[in-house]
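Visitor: can you look at this prediction? I've put the sequence above it.
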Amino acid sequence: MTQNNRLEGGLIDRSKTLRFTFDGKTYQGHQGDTIASALLANDVRLMGRSFKYHRPRGPLTAGSEEPNALVELREGNRQEPNTRATTAELFDGLSAKSQNRWPSLSFDAMGVNDLLSPFFAAGFYYKTFMWPKAFWEKLYEPIIRRAAGLGSLSMEADPDVYDKGFLHCDLLIIGAGPAGLSAALTAGRAGARVILAEEDFLLGGRLNAETFEIAGMAGHAWAAQTQAELASMDNVRIMTRTAILGAFDHGIYGALERVSDHLAVPAAGKPRQTLWRIYAKRTMLCAGAVERPIAFKNNDRPGIMLSGALRTYANRYAAAAGQTVALFTNNDDGLRSAADLAAKGVDVVAVIDTRADGPSVQAGAHFKGAQVVDAGGKLGLNTITIKLANGQTTRINCTALGVSGGWNPNVHLTSHQRSTPKWDEKIAAFVPESTPAEMSVAGAANGDMSTHAALANGAKQAVTALKDIGIKATAGRTPKAEDEPINVSPFWYVEHKGRAWVDQQNDVTVKDIKLSHQEGFRSVEHLKRYTTLGMATDQGKTANVPGLAIMAEMTGKSIPDTGTTMFRPPYAPTSFGAFAGRHRDEDFRPIRKTPSHKWAEEHDAVFVETGMWLRAQWFPKPGETHWRESVDREVLATRKSVGICDVTTLGKIDVQGTDAATFLNRVYCNAFAKLAVGKTRYGLMLREDGIAMDDGTTARLSENQFVMTTTTANAVPVFRHLEFCRQCAWPDLDVQLISTTEAWAQYAVAGPNSRKLLQKIVDKDFDISNEEFPFMGCGEITVCGGLRARLFRISFSGELAFEIAVPTRYGDSMMRALMEAGEEFDVVPYGTEALGVMRIEKGHAAGNELNGTTTALNLGMGRMVSKKKDSIGSTLSEREGLNQADALNLVGFKPVNSDETFSAGSHFINSDAQANAANDQGYMTSVCYSPNLGHTIGLGYLKDGANRMGETTRAVNPLMGEETEVEIVSAHFIDPEGERLRA
Amino acid sequence: MLKHSLKPLTPLGSDEPDSTVIGNLKITERDDFSFASIAQRDGKSRPFAAAAKRAFNLKLPGPGQSASNGDYTLFWSSPEQWFVEAPMATHEDIASILKAEFEESASITEQSGGWCRFDLEGDASVSTLERLCAVDTAMMTDQAATRSVIEHIGVFIVCRSAGQYFSIYGPRSSAGSLHHALVSAAKSVA
Amino acid sequence: MRYSGFRVIKEALTGHKGWKPTWRDAEPQPEYDIIIIGGGGHGLATAYYLAKQFGQKRIAVVEKGWIGGGNVGRNTTIIRSNYMLDGNEPFYEFSLKLWEGLEQDFNYNAMVSQRGILNLIHSDPQRDAFVRRGNAMILNGADAEYLSREQLQEELPFLNYDNARFPIKGGLAQRRGGTVRHDAVAWGYARGADQHGVDIIQNCEVKGIRQKNGKAIGVETSRGFIGAKKIGCAVAGNSSRIMGMVNRKLPIESHVLQAFVSEGLKPVLPGVITFGAGHFYVSQSDKGGLVFGGDIDGYNSYAQRGNLPVVEDVCEGGMAIMPMIGRARVLRMWGGVMDMSMDGSPIIDKTDIEGLYFNGGWCYGGFKATPASGWCFAHLLAKDEPHETATAYRFDRFHKGLMIDEKGMGAQPNLH
Amino acid sequence: MIINHPLLGPRDSQEFTYLGDMSLINRPDWEADDAVDQFHEYLYLRDNPAGEHKELWFHEQGDRSWLVVTRNTLTHDITKVEIAKDIARQMGRSK
């Protein structure tokens, strides 16, 4: 079949013939076609099925407001459900499938729903499927779900990439029809920074669909000429295939540029789509208007479409929806199609005008004061029934019917910030009333329905908008153009038994709206929710106003009193991929690598995500098959001799100033004012509510300089908190803060031989003997022959240990030097697992213990909270609820039978008690196997735990089917006296 | 250079800095700069200004600005706080050098290892940055400098030559991710 | 009128002429025993249980707009009882049990669908926390199930196991969790309450609360004064506005939470899935739309709309764990005003003003709580004592230091 | 949203981190007899107005200034942006 509905002229490029398939059948179209226009040209009207009744459907529109002609575009992992055939550009090799039908589009078994439609009235499902109880989930719902939905996903990862970007402008113009082009010319010539965004791939809007002339030339030619002038201006950015999705606060607009959707696949490295965030000082909405249908019996037959769409297909795409066409209108604009189609050689067989006094047209039989009351042709229109002014009915054969119920200004974006439009009797439609502060509206979107008005107001509004932001512009002479009113006389639906469709995709009929009223769902919100009117993929762009008008008739109120249409972003449905941009899969969030990362990779480290960081978790040796083997080895070797761990990820904050000590004394609950230079101290930081926020060691490098360490997880919130204290709580303290986390590569060197190892690294003029450099000492030193470094004698493992820091660029080299120096001591690198094991063995609290609900008291540090000073959290930590007699205490646990084990997350239940919430005694926070003790150990919070040493209780873990008898012991499993770290 | 046996590694993890050309854009990894932050102590504006004059002999740049003189480039980072950049070859120990000048009038913190720097040169600079950052880089004039975010990474953006040449400073640990983001965006516009 | 399949068939065959309004549009009476401010899910449920369960008479619900126009009609329809703390879990489990019998109870099909809810685990500390939570659920008589990575690959093969930034290490599932048709909950309770004689008064905005000798005696409304012996406030995001009328500050901030739905798709998701390393949770409605959401915008707002950064953040989360949705389209986004409390848990308590009772601070847990919230608030209003599952939801818990802080975020509402 | 930073001009609010009501600047006196009551009200109770709200934002991805932003919670309109440190001093906070 070869395009036998293809007409003369149009804006398609006949020199480029494109082959495509629809439901496996091959067709031909041209460059400049959409799928819908090409299919119509090939005499294919049936393109989809409706949601609920699976009614056969063809396109209703020629734009993004399309409810019916939705297809699955492309194949394999690029399959794209619910794509509008009316906007999808044709490309060579395109393949599309119809949706929501089985086994085929022309025969759909689910079409039986249509016969059962009386039972499927609005909201029927709320009233049934309740008995027997189990059947809803077992039987009814699975059936409903299987029937639900439109297109389907490929279930494969989307292979394309998406970009995001940010643009700034003085004036954002939304829509490049006559109003938008006129505004862009005015603003562009004034030198303003302009963005002209157009959803279509052509500029011109309706000008491409009409036969009007502007300034003596064809409208589309004027658009092309204007585009050329705009393109020559550096200050104007023309963005075609770009839909403005949403108007957000303070002049921020979301825009989707369909960069590659008109191609078979995006070019290498190029995005499929780009989501732009546009910062606009002023915005002009020139989005035109959307035509609305009139509801009558079987008004959803394929071949019935909006009159303007019929014109668009003929004038722009040179495609006839059918060879014999009728028109049904309540306004003058609807009549234009008659002349245009006749001029294209289409046989216009009838014009039905609801108005008795409408103007006459020289095309086909003209019935005034008449209505179309029915349409025949299940899979494609073949006849319409007309009720004449005199009450008689007559049937006419035709294969296409253009319907016009008037035009709705496209106010979508004006309501994104929840302002409502007002009703304009003159055009019987809603027009913008209030808009976001920076937005003005021009052209048909503002109810200026003639081309001349659009051109004039576009320019005028641009001048005003730019004046607001101090840019002088002048509106040129408005070119000569059509200036006719559309003379609409409201007419919403034809009174008749049988079903007349209002929302075609969701199968909402006039009857459903009447039923909604009957059952008390009368507000717009209730109407929408009860009938699903306007909830389909087109957001009711063609259905909402007629639906509202019918409800208004029911309630006897005016349309504006009944409610207004309220649209929500996005203006057009937008892919997840575009909103996510590059942030997917591994690029979901950036990766932070430690200074020894490269070295660790060379040594087969297994890495683990800790926040954004990748840290070495353990370093498997050849022959080690289970991670525990590696971890146990690392722990034992460290405690026996010496081990090295990259601890760079700990937050480091440089705290300086003459009041630095005072400052620290207030942000830590324990005393810091008198910390001596060259000393380090453990600090516990509370939130104002008295709950532990973070902990770490802080070193005093000089009188006025401290280096604070935070946990890896809290580095950022702690810094923010400190800045709050500095700027808001005590603005006159002389203290300056800056993060130095990244500036220093820091390594823990732990184990009995750590000093010996470091003595080979630290330059000779620095004495790090126990006498000169005791536990909790710190100092600035040099290493490896003169590189400045910092040394801290602190221990997380409980061993004699140091942390050494060098400028990060030398971190890799430092790691290698340490390992080399350690060879004679059989030094091992250890990862976060061994680090964790050793800190649990030592009873140090970490993230699992500092969980945002625990106090100093819970942690066994109650006495640390100084009552002698003001510090963040000290006051509220006195509340009774945080000081109960049986408060949770952090204690240690070991299995009574040492071959048994248990898990973190277990709860404690006393041995004699039943395992239920009432008997809950607390929970296990951290658990590991201790290679030193040869059994599992754990830390946990237990009610009154501190006074229950030696008792036994049960660690119950019903989630994993575990239950273990455990003994309550000190959290310090290793070296409770702390002799090792002082050695 | 200080005499010691340790070898530096570039932020991207090699011995030599990376340089990539994509269409009209050159992305160069820089590790030949040293870096420090300097913050004025409360009530020390006079001695601070004097020391700044001695050390840099330029007017301290205000918010959103940078300034250069001789070896030094400064840019404003926070109220009464600046970042100071100088050649690594001559100023590796930049913190001590500045401390000697400012003594107790300023809080000075070494930042050299903490940051990676990528220079973007060429006509595609702005269209590349457009895809990465909310800052209006097209309107940045010579020496404009600001902090912002690129693909969830906090960065400084310094405009060396309007529309043509920008330096992006990011946290060293994220150098790989930042470079990946720059290269991906550059390919989109190439 | 009783709803049933038989009735639907009968009406279908007689042109649906017999259907009556789902609830009466009542005119305000001069006085009631109990007035509930707020015709949302919680307010309507409260009135329903007051009348049906606690034998109260002369009850009215006053609503400033149309019933169900607030958060009950703006949420992501999820029900679950997967809480960790003693103050919360018994209450939410009570709520889940009520959901399970709700439709037969109020004779309205709200499509309670227990397709399960899954929380993904991406790190060892997260696993430890979820194990603790799962055990707390079981100890409280709820159901919880730990799923290994392998089990997940079996059940949900489409998740991103191979190249995720934060690998999926396991999950905590509650099979009894699921979704409910949210609007139907409001309508079902309204219909049920109406049939038990409750007056539902729409378009009636409360402008003030009249007091006499320190006792609340009625409400000033846009339709005049209405007297009451007891007044219950259940207005979610507007709590501070109502309580402001009696000059009370609340431990509550109002924040906007955005929610989203995609175009209709053939079924792909079995139940509710929650991403553990970002802000994204999703389920699929019976109509085929992916219903999803993430985190609140994070700033005080009464605007019922949000901004782009959160939209992007949420979709990034989606693409991180299920990159097969890349070509599906987001159809609509909207916002609800959340009554975010200082510890992330709600308040159902008397106020210090005699006759004035308060229900609020639901954060974004409000929808799933609807039945229990209504029941417990009705209990408090009827008996002047808290229901056994709601004893911890008191105003004074902050002063006493008895916060119920599931997330451990402290007194910062936008972090709960 | 866009916050017009007093020093840096208009910036996307995405660069900022939100804290809440500016009354959080007014940290009570720890030595007051009713210190616990005061801290309870300070930390937990909010006006939470539907309308003009003075609130604290931290320019985390910018100059690390805490700002006091006057914003309408019904419309999101921002009418004033000030440096919190200055406001704190005006409120009599010092050392």
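Guide: Here it is on my side, so go on.
Visitor: helix/strand/coil for A:Val348?
Guide: strand (DSSP: H, G, I helix; E, B strand; the rest coil).
Visitor: quick check: bridge partners of it?
Guide: With DSSP bridges as the criterion, A:Val348 is bridged to A:Val325.
Visitor: what's the pLDDT at it?
Guide: pLDDT recorded at A:Val348 is 96.
Visitor: for B:Leu2, same thing?
Guide: B:Leu2 carries a pLDDT value of 54.
Visitor: just A:Arg145 next, same as before
Guide: 86.
Visitor: hang on, it packs against C:Lys287?
Guide: No. Counting by C-beta atoms under 8 Å, A:Arg145 stays clear of C:Lys287, with 9.1 Å between them. The C-beta positions use only the backbone N, C-alpha and C, and glycine is treated the same way.
Visitor: so for those two, which sits in the more crowded spot?
Guide: For the pair A:Arg145 and C:Lys287, the greater number of neighbours falls to C:Lys287 (22 against 18), based on other C-beta atoms under 10 Å in any protein chain shown.
Visitor: what's the helix or strand for that one?
Guide: In this assignment (DSSP states H and E), C:Lys287 forms part of neither any helix nor any strand.
Visitor: residues in contact with it?
Guide: A:51, A:148-149, A:532, C:264 (C-beta atoms under 8 Å, 6 or more residues apart in numbering or on different chains).
Visitor: how about it, phi and psi?
Guide: Backbone torsions of C:Lys287, given as degrees, to the nearest 10, read phi -90, psi -10.
Visitor: next one: it from A:Thr537, what distance?
Guide: Noted for C:Lys287: a distance of 11 Å to A:Thr537, by C-beta to C-beta, to the nearest Å.
Visitor: thinking again about what came up before, ok, so of the contacts of C:Lys287, who is nearest A:Val194?
Guide: Proximity of the contacts of C:Lys287 to A:Val194 (C-beta to C-beta) peaks at C:Gly264, which lies at 37.8 Å.
Visitor: what's the burial count for the closest one?
Guide: The number of residues packed near C:Gly264 is 28, by other C-beta under 10 Å.
Visitor: correct me, but it touches C:Gly289?
Guide: Yes. Applying C-beta under 8 Å, one finds C:Gly264 in contact with C:Gly289, separated by 5.4 Å.
Visitor: hang on, the earlier thing: looking at the contacts of C:Lys287, which gets the smallest pLDDT?
Guide: A:Ala148 (82).
Visitor: how far away is that one from chain C?
Guide: Using C-beta to the nearest C-beta, to the nearest Å, A:Ala148 is found at 4 Å from chain C.
Visitor: just confirm that residue contacts C:Val268, I think it does.
Guide: No. Using C-beta under 8 Å, A:Ala148 is not in contact with C:Val268, being 11.3 Å away.
Visitor: and these two? which has more neighbours close in?
Guide: A:Ala148 (21 against 17).
Visitor: on contacts alone, who are the packing partners of the helix or strand hosting A:Val351?
Guide: In the assignment (DSSP H and E), A:Val351 maps to strand A:347-353. Contact here means 3 or more C-beta pairs under 8 Å, 6 or more residues apart in numbering or on different chains; DSSP states H and E; on that basis strand A:347-353 packs against strand A:324-329, helix A:332-343, strand A:365-368, strand A:383-387, strand A:393-397.
Visitor: that older thread, what touches both of C:Lys287 and A:Thr537?
Guide: Common neighbours of C:Lys287 and A:Thr537, counting by C-beta under 8 Å, 6+ apart, are C:Gly264.
Visitor: re the thing from before, show residues contacting the strand holding A:Val351.
Guide: The contact list for strand A:347-353 (C-beta under 8 Å, 6+ apart) reads A:323-330, A:334-335, A:338, A:341-342, A:361, A:363-372, A:384, A:386, A:396-398.
Visitor: what's the burial count for the residue of chain A found nearest chain C?
Guide: In chain A, the residue that lies nearest chain C is A:Gly852 (2.0 Å; C-beta to the nearest C-beta). The number of residues packed near A:Gly852 is 16, by other C-beta under 10 Å.
Visitor: looking at the closest residue to it other than its chain neighbours now. What's its pLDDT?
Guide: Distance criterion C-beta to C-beta, 6 or more residues apart in numbering or on different chains; nearest residue to A:Gly852, sequence neighbours excluded, is C:Gly408 at 2.0 Å. C:Gly408 is assigned 97 on the pLDDT scale.
Visitor: confirm C:Val261 sits in a strand?
Guide: Yes. Per three-state DSSP, C:Val261 lies within a strand segment.
Visitor: could you measure from it over to C:Arg329?
Guide: C:Val261 is 10 Å from C:Arg329, where distance means C-beta to C-beta.
Visitor: can you name the residue of the stretch 201-350 of chain C that approaches chain B most closely?
Guide: In the stretch 201-350 of chain C, the residue that lies nearest chain B is C:Glu316 (9.3 Å; C-beta to the nearest C-beta).
Visitor: that residue contacts A:Phe588, correct?
Guide: Yes. Applying C-beta under 8 Å as the test, C:Glu316 and A:Phe588 come out as touching, 6.2 Å apart.
Visitor: show me the strands in chain B, by range?
Guide: In chain B, the segments counted as strands under DSSP state E are B:19-22, B:25-30, B:33-40, B:66-69, B:72-78, B:81-87, B:106-110, B:115-121, B:145-150, B:153-161, B:165-171.
Visitor: any idea which of those strands is most buried?
Guide: Comparing the strands of chain B by mean neighbour count (mean count of other C-beta atoms under 10 Å in any protein chain shown), strand B:106-110 comes out on top with a mean of 26.
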